[in-house]
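In: Output the structure for:
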Amino acid sequence: MTHPLPPRLTAAVLAALLALTPASLPAQTDPSPPPVAEPGDAGAYLAARSAAVQNDFRQGAFWFARALESDPDNLGLLEGAVLSFIGIGDFPRAAEAAQRLTALEGRSIGANIALLVRDVQAEDHDSLLALPASRKIGNLLDDLTAAWAQFGKGRMSETLAAFDAVAATDGLKAFGLYHKALALAAVGDFEGADDILSGRAEGPLVVNRRGLIAHVQILTQLEKFDEAAALLERGFGGDPDPEVTALRAQVEAGTPLAFDVVRSAKDGIAEVFFTVAVALNGEAEDGYTLLYSRAALDLNPNHAEALLLSAGLLEQLRQFELAGETYALLPPDHASFHAAEIGRAATLIALEQPDAALAALKALTESHPDLLLVHMAYGDTLHRQERFEEASAAYDVALALVPEPENRHWGLFYARAVSHERSGQWEEAEADFRKALELNPDQPQVLNYLGYSFVDRGENLEEALEMIERAVAARPEAGYIIDSLAWAYFRLGRYEDALAPMERASLLEPVDPVVTDHLGDVYWAVGRQLEARFQWRRALSFDPEEDEAVRIRRKLDIGLDAVLAEEGAPPLAPVTNGN
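Out: Residues are numbered from 1 along each chain as shown. Sure, this is the predicted structure:
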């Protein structure tokens, strides 16, 4: 299921999300602080600016605070401090800096978010309903927040009218209706909430995972267990996700589920920030989106989806240590712990701690033995560490959890096939490659890998060529696949046919040592020996595998024909019309 927005936001909707007017969009999507003139502590200032450029929020928080000690009224430093404090999730300190910035008549979306979070935490609903223009964040967020503030004051009629006003705004109907349904459910009007979420009230409403779970909870409160079960099946199928599994068991047992997605105005406003963060994700700068996901998490520390989104954004910003710490906030007994732990393992890999990552994933396979995703993640990580036999074993366990392989499982067979091939188990590899193609006959990665493997082994060359041609047709701009096509022609002795695709592959993959080495071989085969030697030297400069480097140096010493003779390989076919 998706968030209540189409995959690509319209300009009007994006304007409502980001700022008051479309003209202000460019400034609002850049979370970095503006240049600062004449800093009092030049060293701290430069360190702070460097941290900001690198999205290093932890270092930024330290150095902006340090620079402010000697220049407390510097608007640029204050804004940088606000953004850094939000980046590390420290909203109290962000609000302090934001308050100072605002008092000096500075304006900043980050500062406004920090102050809004402060007021929500204090349950100061009057302030939320009387925000001055200088404290506005964006039309959608401001209006939804005001509606929830009315809810916090116990004014249900005003709350519903405010949500209706949002829903009546062009492009924002889904937002207003979704939050109206949550508010109705929060006060026990499950019938009204179901009417909205089912589409009976205002037409179909597509919701994200969290909205779908809210609807399931609502249906069980109405004792519509069959509808709840059908909704789970439509939304998740046979997914063995722990949370979905637990929901399914309770629904099947006829046990009403407590509605806990939103229980208060603060929860509702956390949901507003999460709503906007999800909508902005992939549309705005990651650092900007992080402001909203962090706010959602601060207002509702139990909001697992906001936690996972925040950690994922930090990963994309290459703040791996902070991302790992954020993933680690989810307790082991949480239904989404496995997702957080897989994410944390990825941050450990990025931090060059593969043993720690593998230990975490190994423990996860033991605590969650029935989760396919867990064993896949473990296998993938072993594969990336070139521990191919262990990776194959992990994929064996994963595939044992698949009673009837479907199209979506082709990637698992493909991953195991590659591990088998890299560990020298060709028969097992070929069987898995062919199974992957049985499940997804036109998958270009599988066609290319199997076809190239056949070419490299000198087997089934005509079938290999047909596979690779299909892969090229599917991915005509993929240099590595075009390289496979050229190499198939080369191995078939069709050197002139190999020339054009190999040159194109080299253009598409200009620093790939294998492609460049192959181009040298093709040039040699068509009689262009000076160009061949030039390409082999280039290949060596691109850091090839050591065994390949040794072979390339040997070709430079004695030529390709002599190397083939040393290896006992068939000689090159005579050149018929080469240069």
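
In: got any ranges where this protein has weak pLDDT?
Out: 1-40, 238-240, 575-579 (pLDDT under 70).

In: Can you spell out the domain ranges of it, please?
Out: Following automatic domain parsing, one finds the domains of the chain at 31-137, 156-252.

In: Let's have those in a markdown table, adding mean neighbour count.
Out: In this view, the C-beta of every residue, glycine as well, is placed from N, C-alpha and C. Below are the domains of the chain laid out as a markdown table (neighbours: other Cβ atoms under 10 Å):
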| stretch | mean neighbour count |
| --- | --- |
| domain 31-137 | 20 |
| domain 156-252 | 19 |
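
In: tell me the contacts of the residue nearest to residue 435 when sequence neighbours are not counted?
Out: Nearest non-adjacent residue to residue 435, counting by Cβ to Cβ, 6 or more residues apart in numbering: residue 413, 4.7 Å away. By Cβ atoms under 8 Å, 6 or more residues apart in numbering, the residues touching residue 413 are 399, 405, 432-433, 435-436, 439.

In: Tell me where the stretch 51-200 of the chain has helices.
Out: Assigned by DSSP state H, counting those that start in this stretch, the helices in the stretch 51-200 of the chain fall at 57-70, 75-87, 91-103, 109-121, 125-129, 139-152, 156-167, 173-186, 190-198.

In: so which strand or helix has residue 210?
Out: helix 209-221 (DSSP states H and E).

In: what does that helix contact?
Out: By Cβ under 8 Å, 6+ apart, helix 209-221 touches 1, 4, 178, 181-182, 185, 190, 193-194, 197-198, 207, 225, 227-228, 231-232, 235, 243, 247, 250-251, 255-262, 271, 274, 305.

In: Likewise for stretch 59-75?
Out: 34, 36, 39-41, 44-45, 47-48, 51-52, 77-78, 80-81, 83-85, 87-88, 90, 93, 97, 100-101, 104, 106.

In: Would you mind giving the orientation angle of the helix holding residue 210 with respect to helix 190-198?
Out: 140 degrees (axes from the mean of the first three to the mean of the last three Cα atoms, to 10 degrees).

In: Now do helix 209-221 against helix 173-186: the angle between them, please.
Out: 40 degrees.

In: name the helices or strands packed onto the next helix-or-strand element following helix 209-221?
Out: Using DSSP H and E, the helix or strand that follows helix 209-221 in sequence is helix 225-236. Counting contacts by 3 or more Cβ pairs under 8 Å, 6 or more residues apart in numbering; DSSP states H and E, helix 225-236 is packed against helix 209-221, helix 242-252.

In: what's the angle from the first one to helix 242-252?
Out: This points to helix 209-221. When the same axes, to 10 degrees is applied, the directions of helix 209-221 and helix 242-252 differ by 20 degrees.

In: residue nearest the centroid of the protein?
Out: With distances taken as Cα atoms, centre = their mean, residue 312 lies nearest the centre of the chain, 6.3 Å away.

In: part of a strand, is it?
Out: No: counting by DSSP: H, G, I helix; E, B strand; the rest coil, residue 312 falls outside a strand, being helix.

In: Could you pull up the residues touching it?
Out: Contacts of residue 312 by Cβ under 8 Å, 6+ apart are 323, 343.

In: quick one: it from residue 286, how far?
Out: Using Cβ to Cβ, to the nearest Å, we find residue 312 at a distance of 9 Å from residue 286.

In: hang on, the earlier thing: now distance to residue 497 too, for the helices and strands packed on helix 225-236, in JSON lines please.
Out: As requested, those are exported to JSON lines (distance: least, Cβ to Cβ, whole Å):
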{"stretch": "helix 209-221", "distance to residue 497": "50"}
{"stretch": "helix 242-252", "distance to residue 497": "52"}
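
In: circling back: so the residue nearest to residue 435 is in which element?
Out: helix 410-422.

In: Can you identify the element that follows that helix toward the C-terminus?
Out: For helix 410-422, the succeeding helix or strand toward the C-terminus, using DSSP H and E, is helix 426-439.

In: helices and strands around the longest helix anywhere in the chain, which ones?
Out: As assigned by DSSP state H, the longest helix anywhere in the chain is helix 265-280. When contacts are defined as 3+ Cβ pairs under 8 Å, 6+ apart, helix 265-280 packs onto helix 11-18, helix 109-121, helix 139-152, helix 173-186, helix 286-299, helix 304-316.

In: Endpoints of stretch 144-161, how far apart?
Out: Separation of the first and last residues of stretch 144-161 by Cα to Cα, to the nearest Å is 11 Å.

In: Can you give the contact residues for it?
Out: Residues from elsewhere that reach stretch 144-161 (Cβ under 8 Å, 6+ apart): 116, 120, 123, 125-126, 128-129, 162-163, 166, 175-176, 179-180, 183-184, 186-187, 264-266, 268-269, 272, 275.
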